[in-house]
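Trainee: Quick one: sequence and predicted model below, then my questions.
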Amino acid sequence: MTIQRPDRDNAMPQAKTGLIDAHGRVIDYLRLSLTDRCNFRCVYCMPPDGAVYMPHCELPTYEELLRLCLLMSGLGIRRFKITGGEPLCRKGAVAFIRRLKRMPGVDQVTLTSNGTLLAPYVEELADIGVSGINFSLNSLNPEHYAAVSRTQAGPEQVLPVMAAAAKAGITVKINVVPLRTYNDCDLPDLTRFALENGYHIRFIELMPVGLGAACTGVPPHEIHAAIERDFGPLSALDGVAGNGPANYFRVPGHAGSVGFISAVSNMFCPRCNRIRLTSGGFLKSCLHRDAGVELKPLLRSGANDAAIIAALRKAIMEKPAGHAFGGVAQENFRQRFLMHSIGG
Ligand code: SAM
Ligand code: SF4
């Protein structure tokens, strides 16, 4: 059986043209948060009654975002992950994605989504050339799913969308945040479902960002052991796969893969290739540090391209060597942004 790489069009080595930061890392990947709004209230991400959202006029406009993306692609940012909040909560998101994908220098556009608003757009996204969608799916059990997402939605809404995406040629990944008591008993079922459908499943370690600090995660080694008990020994997939931090494993006999993104227990900062644009237009050079630059005031004060490029270069050069999860660094760090505006 042919083993499908976690990303068909980005299993290539990191672009040689990307910007190199002060720690020698090639930075070629942007996570772009389109909105801080979401139709879910995941226990680790969003307050139960929703957050105080940014007024629409405070979000960078699509024209402003496209200008930034063009300048970034000129600097070597080639791959773009559209995120949020729920990206489809922002009107015009798909038309924006189409324009972004057509932009010179943009090699790859992918999406991360809870999947519940995607159904009408799957064909269009495939036509645009979106090559991958990461679906957040924390359980196949409707009650557990609803308990984590704090919505009336259920997995039955998302599963057909995944199937449609795969049929349209889009790589499907399932993102699970394993949480004690919420979905820890569901992980083998989720793994089986993913593998039987040829999808890639990734377990994202709970990060103590915002509401995540009040939840209890499941250690990755425990999940690894549980999967091996059910499926036999996992064999590591070598090389760069996907867009960065996941460690991928193959399960013999299955086309999909199992990945672990363990930011806290397995610090992958020396391999970090990414920057983030929050929904409010702050270029965040590290998920769990304050470093970065407010781009919106520049955009709205008539700054020319050279000034914006200088700000981008400076922020990337000043990208911290590592995050502040764990120990004293965590205690001393007050995260300014919540996950639904950072975009994960
Ligand atoms: N709404 C979309 C979704 O859920 O995929 C995109 C935005 S969401 C903020 C992006 C990713 O961040 C999701 O995979 C989500 O599970 C993850 N995430 C949010 N808060 C987290 C936390 N505290 N720890 C670990 N992952 C988190
Ligand atoms: Fe919404 Fe995604 Fe946050 Fe869940 S993790 S509340 S789906 S932004």
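Mentor: Right, received. Where do you want to start? Ligands and ions are numbered 1, 2, ... in the order given.

Trainee: only C-alpha atoms for contact and neighbour calcs from this point on.
Mentor: Fine.

Trainee: how about the CA coordinates for stretch 185-195, as PDB?
Mentor: Provided in PDB are the C-alpha atoms of stretch 185-195 (Å, rounded to 0.1, in the frame of the first residue of the first chain):
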ATOM      1  CA  CYS A 185     -11.600   7.400  26.400                       C
ATOM      2  CA  ASP A 186     -12.400   8.300  22.800                       C
ATOM      3  CA  LEU A 187      -8.900   8.400  21.400                       C
ATOM      4  CA  PRO A 188      -8.700   4.800  20.100                       C
ATOM      5  CA  ASP A 189     -12.000   5.200  18.300                       C
ATOM      6  CA  LEU A 190     -10.900   8.400  16.700                       C
ATOM      7  CA  THR A 191      -7.700   6.800  15.600                       C
ATOM      8  CA  ARG A 192      -9.500   3.900  14.100                       C
ATOM      9  CA  PHE A 193     -11.900   6.100  12.300                       C
ATOM     10  CA  ALA A 194      -9.100   8.300  10.900                       C
ATOM     11  CA  LEU A 195      -7.000   5.300   9.700                       C
END
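
Trainee: what separates that stretch from the chain centre, distance-wise?
Mentor: Distance, stretch centre to chain centre, for stretch 185-195: 20 Å (Cα atoms, centre = their mean, to the nearest Å).

Trainee: ok, now stretch 317-327?
Mentor: 18 Å.

Trainee: Does that stretch reach ligand 1?
Mentor: No: with Cα under 6 Å from any ligand atom as the criterion, ligand 1 is not reached by stretch 317-327; the gap is at least 11.4 Å.

Trainee: which outside residues touch that stretch?
Mentor: Contact with stretch 317-327 is made by 20-23, 207-208, 264, 269-270, 285-289, 291-292, 330, 333, as judged by Cα atoms under 8 Å, 6 or more residues apart in numbering.

Trainee: Now a ChimeraX select for only the buried ones of the residues you listed.
Mentor: Per 16 or more other Cα atoms under 10 Å, the buried members of the contacts of stretch 317-327 correspond to this ChimeraX selection:
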select :20,21,207,208,264,269,285,286,287,288,289,291,292,330
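
Trainee: Which ones among the contacts of stretch 317-327 also lie next to ligand 1?
Mentor: Met207, Pro208.

Trainee: What are the neighbouring residues in contact with the residue of the chain found nearest ligand 2?
Mentor: Closest residue of the chain to ligand 2, Cα to the nearest ligand atom: Gly85 (3.6 Å). Gly85 is in contact with Ser33, Leu34, Thr35, Asp36, Arg37, Cys38, Met339, His340, Ser341, Gly343, counting by Cα under 8 Å, 6+ apart.

Trainee: Check those residues one by one and keep those near ligand 2.
Mentor: The subset of the contacts of Gly85 within reach of ligand 2, by Cα under 6 Å from any ligand atom, is Cys38, His340.

Trainee: Just flag the most distant two among the contacts of Gly85.
Mentor: Across the contacts of Gly85, the longest distance by Cα to Cα is 12.6 Å; it joins Leu34 and Met339.

Trainee: Look at the two and report which has more neighbours.
Mentor: More crowded of Leu34 and Met339, by other Cα atoms under 10 Å: Leu34, with 32 against 23.

Trainee: From what I see, the more buried one and Arg90 are in contact.
Mentor: Yes: counting by Cα atoms under 8 Å, Arg90 is a contact partner of Leu34 at 6.9 Å.

Trainee: Give me the distance between Tyr29 and Leu277.
Mentor: 11 Å (Cα to Cα, to the nearest Å).

Trainee: err, Arg229, not the other one
Mentor: 40 Å.

Trainee: ditto for Arg102
Mentor: Taking Cα to Cα, one finds Arg102 at 20 Å from Leu277.

Trainee: which of the two has more neighbours?
Mentor: Set side by side, Arg102 and Leu277 show more neighbours around Leu277, with 26 against 13, by other Cα under 10 Å.

Trainee: coming back round to it: Produce a PyMOL select command limited to the buried residues of the contacts of Gly85.
Mentor: The following PyMOL line selects those of those that are buried, judged by 16+ other Cα under 10 Å:
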select buried, resi 33+34+35+36+37+38+339+340+341+343
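
Trainee: Could you export the contacts of Gly85 to TSV, including columns for secondary structure?
Mentor: Formatted as TSV, these follow (DSSP: H, G, I helix; E, B strand; the rest coil):
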residue	secondary structure
Ser33	strand
Leu34	coil
Thr35	coil
Asp36	coil
Arg37	coil
Cys38	coil
Met339	helix
His340	helix
Ser341	helix
Gly343	coil
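
Trainee: Just give me the closest of the contacts of Gly85 to Tyr62.
Mentor: Closest to Tyr62, out of all of these and judged by Cα to Cα, is Leu34, at 8.9 Å.

Trainee: That concludes my questions; thank you for your assistance.
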